[in-house]
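1. fold the following and give me the result.
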Amino acid sequence: MPALRLEAFDTVAAADGSIQPLVEATAVEEAKVASFEQGYSAGWDDAVAAQNGDQTRIRADLARNLQSLAFTFQDARSHVLQAIRPLILEMVNRLLPEVAREALAPTVLEALTPMADKLADAPLTLVLNPAVRGQVEDLVAQATGLPMVIEEEPSLPEGQVYIRFGSIETKVDLSQVTADIAIAVRAFFNLKS
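-> Here you go, the predicted structure:
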């Protein structure tokens, strides 16, 4: 079988019979370099676009995950607060008044000491609820040794005592402090509900 010969399109026959290339070799090289540069630039642009797309997607995923974590934290915090709410309210209702009752006598003594130093000659008068008389009277008598007059006032709350030295009067009001703490705790849980 004879060899197949195809017509060459990259050369042209010159008038003298010689075969001349249709395109100069330098033009072919320039075209190759330009094609390479164009392909390289297109590939670079595609890589930059892909990287920017990846970064945008990663940022969006991160923002979504952080937002999800924030909601998860808030949900967990809310559940924990609601779980401990009955315990805290019970402590405020039962334990806090008892603690205030136990702290009344030392608090009266603490309020009384600076006054006693200034007015040692004046008579001491304590106005209080009869239910707390024993504990307050005993502690003040032991600690100061001052003569005192106790005036019982049943209308006063158990956590309230008026201290008078002559014309100076001060008030110890743990009942109000206890009530304020209870209101603040209830308000905290009502806001978080």
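2. so where do the helices sit in this structure?
-> 25-90, 96-118, 133-144, 174-192 (DSSP state H).
3. now render these as CSV, adding distance to residue 160, mean neighbour count and mean pLDDT.
-> For glycine as for every other residue, the C-beta is placed from the backbone atoms N, C-alpha and C. Shown next, in CSV, are the helices of the chain (distance: least, C-beta to C-beta, whole Å; neighbours: other C-beta atoms under 10 Å; pLDDT from 0 to 100):
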stretch, distance to residue 160, mean neighbour count, mean pLDDT
helix 25-90, 23, 10, 84
helix 96-118, 9, 16, 77
helix 133-144, 11, 15, 82
helix 174-192, 5, 14, 81
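4. which stretch among those helices comes nearest residue 163?
-> helix 96-118 (5.6 Å; C-beta to C-beta).
5. and that closest one, what other elements does it pack with?
-> Secondary-structure packing of helix 96-118 (3 or more C-beta pairs under 8 Å, 6 or more residues apart in numbering; DSSP states H and E): strand 124-128, helix 133-144, strand 160-165, strand 168-173, helix 174-192.
6. quick one: closest of these to residue 92.
-> Going by C-beta to C-beta, the one of these nearest residue 92 is helix 174-192, 4.8 Å.
7. tell me the angle of the closest one relative to strand 168-173?
-> Interaxial angle of helix 174-192 relative to strand 168-173 (axes from the mean of the first three to the mean of the last three C-alpha atoms, to 10 degrees): 40 degrees.
8. who are the packing partners of helix 174-192?
-> helix 25-90, helix 96-118, strand 160-165.
9. for residue 46, see how far away residue 172 is.
-> Per C-beta to C-beta, to the nearest Å, residue 172 is found 80 Å from residue 46.
10. sorry, that was for residue 54
-> 13 Å.
11. between the helices of the chain, which one is closest to residue 156.
-> Of the helices of the chain, nearest to residue 156 by C-beta to C-beta is helix 174-192, at 8.5 Å.
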